[in-house]
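Novice: Here's my sequence, what's the structure:
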Amino acid sequence: MAQTGYVHGSTDDREVARLEKQADFTASFTFSTLEVHDGHRVLDLATGVGAMGSRLQTRWPNAHVVGVDLSRTQLGAARKNHPALPVLRADATRLPFDDSTFDRVHCSWLLEHVPSPVAVLREVRRVLKRGGFCQFVEVDNATFGTTPPTESVFELMRRLNAAQFAAGGDPYIGERIHRAFAGAGFRRFEITKHPLRGSSANPTFFQACIDEFAEIFEGLDESLGAASAQLISDAIAELRALPAQPNAQFRYTPVITRAWK
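Specialist: Coordinates of the predicted model:
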């Protein structure tokens, strides 16, 4: 979407499986605020392999959901695995829809990858109906943390962030998301920080957080290169060892923004 600097590797079976699992994880804390009604037209922007679009269809079967993405390979996976989801190939800054087409626009984990978030959001505002709203779920990698500190994990995160900046993205987009929405012309928007806290108090959720990031790390071998292979392996091992340690914790805070037209 909008010539993204995607750093998570090729769309192979491993990456498709990761994105499907990530969609379940993300939906668990984002769908409650989406407020889709029967008959609504819903755009899943940056639908990728169709994972979130398919879950939108399942959650709201009487809405009309369409997915858009720029990646031919990811859309190929979407058509194969989610044939009931209509998908189109398009740039997020040049959407093939008339003004005021959609009641809702959903998007997760896109703006971190694009060079001009404002251009994307301006186009989203154009295709929204009056009174409709968009919901974006975005990263803020500055919020990542573990107890006890994990040396290899933090070094890998540092390299991931550097690679994302080099590719034209922004791993800290959540810190400045308000500027992007204001710059795109949205006058009413609300920003919610959603802390993810993993600990022994909820071991199932703790493990889900660990799995999410360990699988992200596994896909970094292409973007970071062979020189980081050992670091990736060490970081995954450190991360997966956390739940067995007394008083261990995982911390990360995604940013959810809803904006009305």
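
Novice: mind checking the longest helix of the protein?
Specialist: Ranked by residue count under DSSP state H, the longest helix found in the chain is helix 13-30.

Novice: in it, what counts as buried?
Specialist: Residues of helix 13-30 classed as buried by neighbour count (16 or more other Cβ atoms under 10 Å): Glu15, Val16, Arg18, Leu19, Glu20, Gln22, Ala23, Phe25, Thr26, Ala27, Thr30. For every residue, glycine as well, the C-beta is placed using N, CA and C.

Novice: Repeat that for stretch 204-218.
Specialist: Within stretch 204-218, the residues scored as buried using 16+ other Cβ under 10 Å are 205-206, 208-218.

Novice: okay, it in PDB with CA atoms only?
Specialist: The C-alpha trace of stretch 204-218 is given here as PDB (Å, rounded to 0.1, in the frame of the first residue of the first chain):
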ATOM      1  CA  THR A 204      -2.400 -17.700  28.500                       C
ATOM      2  CA  PHE A 205      -2.300 -14.100  27.400                       C
ATOM      3  CA  PHE A 206       1.400 -13.900  28.400                       C
ATOM      4  CA  GLN A 207       2.100 -16.800  26.000                       C
ATOM      5  CA  ALA A 208       0.000 -15.100  23.200                       C
ATOM      6  CA  CYS A 209       2.100 -11.900  23.500                       C
ATOM      7  CA  ILE A 210       5.400 -13.900  23.400                       C
ATOM      8  CA  ASP A 211       4.200 -16.000  20.400                       C
ATOM      9  CA  GLU A 212       3.200 -12.800  18.500                       C
ATOM     10  CA  PHE A 213       6.600 -11.200  18.800                       C
ATOM     11  CA  ALA A 214       8.600 -14.400  18.400                       C
ATOM     12  CA  GLU A 215       6.900 -15.000  15.100                       C
ATOM     13  CA  ILE A 216       7.500 -11.500  14.000                       C
ATOM     14  CA  PHE A 217      11.200 -12.000  14.800                       C
ATOM     15  CA  GLU A 218      11.300 -15.300  12.800                       C
END
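
Novice: what's the spacing between that stretch and its chain's center?
Specialist: Chain-centre distance of stretch 204-218: 15 Å, with Cα atoms, centre = their mean, to the nearest Å.

Novice: mind listing what His82 touches?
Specialist: Val49, Gly50, Ala51, Gly53, Ser54 (Cβ atoms under 8 Å, 6 or more residues apart in numbering).

Novice: can you do 6 Å?
Specialist: Residues in contact with His82 (Cβ atoms under 6 Å, 6 or more residues apart in numbering) are Gly50, Ser54.

Novice: Would you check how far apart it and Glu15 are?
Specialist: Remark: distance between His82 and Glu15 (Cβ to Cβ, to the nearest Å) = 16 Å.

Novice: repeat for Gly168
Specialist: 20 Å.

Novice: the strands in the stretch 151-261 of the chain, which residues?
Specialist: 188-193, 196-199, 249-252, 255-260 (DSSP state E, counting those that start in this stretch).

Novice: list the buried ones in the second one?
Specialist: By neighbour count, with 16+ other Cβ under 10 Å as the criterion, the buried positions of strand 196-199 are Leu196, Gly198, Ser199.

Novice: Got phi/psi on Thr73?
Specialist: Recorded main-chain torsions at Thr73 are phi -70, psi -40, according to degrees, to the nearest 10.

Novice: ok, how many other residues are close to it?
Specialist: 15 (other Cβ atoms under 10 Å).

Novice: Now do the contacts for it.
Specialist: By Cβ under 6 Å, 6+ apart, the neighbours of Thr73 are Thr11.

Novice: Against which helices or strands is the longest helix of the chain packed?
Specialist: Packing partners of helix 13-30 (3 or more Cβ pairs under 6 Å, 6 or more residues apart in numbering; DSSP states H and E): helix 51-59.

Novice: Tell me the strands beside the longest strand along the chain, with direction?
Specialist: Counting residues, the longest strand found in the chain (DSSP state E) is strand 128-138. Neighbouring strands of strand 128-138 in its sheet, by DSSP bridges, are strand 102-108 (parallel), strand 255-260 (antiparallel).
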